[in-house]
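Asker: Compute the structure for the input listed below.
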Amino acid sequence: MSDLLATVPDQVPAGAGRRRFARFLGGKVGGGLVSLLLVAVLGFFLFRVIPGDPVRTMTRGAPVSEQQIQVLRERFGLDQPLWKQFLDFLGNLLRGDLGTSYTYSRPVGELIVERIGPTVLLVGTATALAVVLGLWMGSRAAWRHGGAFDKTSTSVALTLWSVPTFWLGLIVLMAFGVGVGPIPGLFPVGGMSSPDTPPEFLPQLLDVAHHLVLPALTMVAVIYAEYLMVMRSSLLEEMGEDYLTTARAKGLREDLVRRRHAVPNALLPTVTLIFLRMGLVVGGAITVETVFSWPGLGLLTFEALRVPDLPLLQGIFIVLAGSVVVMNVLAELLYRVLDPRVRES
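Answerer: Coordinates of the predicted model:
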């Protein structure tokens, strides 16, 4: 009788998988909310340690009296104790109010919405190209590890990754944007569009794409090495697994073994990196946008740092950090879908 019972499979309670997923989802979302709270706290106090007086910086060169400066402090709430400023900041944040910019005298939310489109276009395009290029080169380098392609591609990627972004941007700008003598440059040196472009959709689209080439090229050159190195390392770990030997024994060609079996499993460690980079898309690239005068959040951050414009800096920081937290939670959920080991844990 005991032997008969031993052969009966354990019954999994109906809905146990859903309850397990609900606990998993609740834990991840709860952790994300705690992270967002810590981001808000850090965003407030971090920019309070920046040296400089915003009011005196904004009134530099203007004939203002101490009384007028005090009025401006009261207007911006800088005369309040730090704890009072913090409580006001949290209260406004819960209502979706990021404050008013000192420099532009406009709601921070409106400024971020205006600048987020160019940033997503630039950084999103560069990230997509870097992911495709890095994963393709990383898989080929690992599959032929030790060969000429592996050594060359890895060396070039690491060299570009180590180059300061602003320096590389200036080199790209001088090489392809600045003309030599009577020869004009191939690409625009700054901005997102030309003022003399016809207002029709197609000319505007081509003009924006023309301006996008150099800043996107600079970003791709710097960040594609991350995906190449992670993909190469992951694929090297997979190459000694038994399932690849089985696939070869079935008569599959090496290209099919790599594409159908090795690469899908090696992609798992890159998921988190890709999603974290997607979270950074809304933050822009301060150096690239500054070098090429690209009107996105990166350039807006650079302008806010010069004052310093505390509400604007806080708003950009919260949007950037919040997007990274959200993308990290989505990466954890996608990991559960892609990897059965995570789903069963």
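
Asker: quick one: contacts for residue 80?
Answerer: By C-beta atoms under 8 Å, 6 or more residues apart in numbering, the contact set of residue 80 is residue 88. In short, each C-beta sits where N, CA and C put it, glycine included.

Asker: quick one: it from residue 73, how far?
Answerer: 9 Å (C-beta to C-beta, to the nearest Å).

Asker: gap between the nearest residue to residue 234 once chain neighbours are set aside and residue 175?
Answerer: If the residues on either side of it in the chain are set aside, residue 234 comes closest to residue 266, at 4.0 Å by C-beta to C-beta, 6 or more residues apart in numbering. With the distance defined as C-beta to C-beta, residue 266 ends up 35 Å from residue 175.

Asker: more neighbours, these two?
Answerer: residue 266 (24 against 12; other C-beta atoms under 10 Å).

Asker: Quick check: the more buried one touching residue 139?
Answerer: Yes - proximity of residue 266 to residue 139 meets the contact threshold set by C-beta atoms under 8 Å, at 7.3 Å.

Asker: Residues touching the helix or strand containing residue 85, excluding its own?
Answerer: Assigned by DSSP states H and E, residue 85 belongs to helix 82-94. Under the contact criterion C-beta under 8 Å, 6+ apart, helix 82-94 has outside partners 40, 44, 45, 48, 77, 78, 80, 98, 99, 314, 318.

Asker: 10 Å instead?
Answerer: 36-37, 40-41, 43-45, 48, 76-81, 97-100, 310-311, 314-315, 318 (C-beta atoms under 10 Å, 6 or more residues apart in numbering).

Asker: Just the buried ones among those residues, please.
Answerer: 36, 40, 43-44, 76, 98-100, 310-311, 314-315, 318 (16 or more other C-beta atoms under 10 Å).

Asker: Of all pairs in the residues you listed, which one spans the longest distance?
Answerer: Maximum pairwise distance among the buried ones among the contacts of helix 82-94 (C-beta to C-beta): 25.2 Å, between 36 and 76.

Asker: Residue 312: what's it in contact with?
Answerer: Contacts of residue 312 by C-beta under 10 Å, 6+ apart are 47, 98-104, 106, 108, 111-112, 300-301, 303-305.

Asker: Help me confirm that residue 126 comes into contact with residue 289.
Answerer: No - counting by C-beta atoms under 10 Å, residue 126 stays clear of residue 289, with 11.3 Å between them.

Asker: Need the residues touching each of these two.
Answerer: By C-beta under 10 Å, 6+ apart, the residues touching both residue 126 and residue 289 are 215, 219.

Asker: most residues in a single helix of this structure, which one?
Answerer: helix 201-238 (DSSP state H).

Asker: in it, what's buried?
Answerer: Applying 16+ other C-beta under 10 Å to helix 201-238 flags 207-208, 211-232, 234-236, 238 as buried.

Asker: repeat for stretch 23-39
Answerer: 24, 28, 32, 35, 36, 39.

Asker: out of everything not next to it in sequence, what's closest to the first one?
Answerer: So that's residue 24. Residue 24 sits nearest to residue 336 (C-beta to C-beta, 6+ apart), 6.8 Å away.

Asker: go on, the fourth one?
Answerer: With sequence-adjacent residues excluded and distances taken as C-beta to C-beta, 6+ apart, residue 35 is closest to residue 325, at 4.7 Å.

Asker: gap between whichever helix or strand the one you found is part of and the chain center?
Answerer: According to DSSP H and E, residue 325 maps onto helix 310-338. How far helix 310-338 lies from its chain's middle: 9 Å, per C-alpha atoms, centre = their mean, to the nearest Å.

Asker: Break the protein into its domains for me.
Answerer: For the chain, automatic domain parsing gives the domain ranges 44-97, 113-344.
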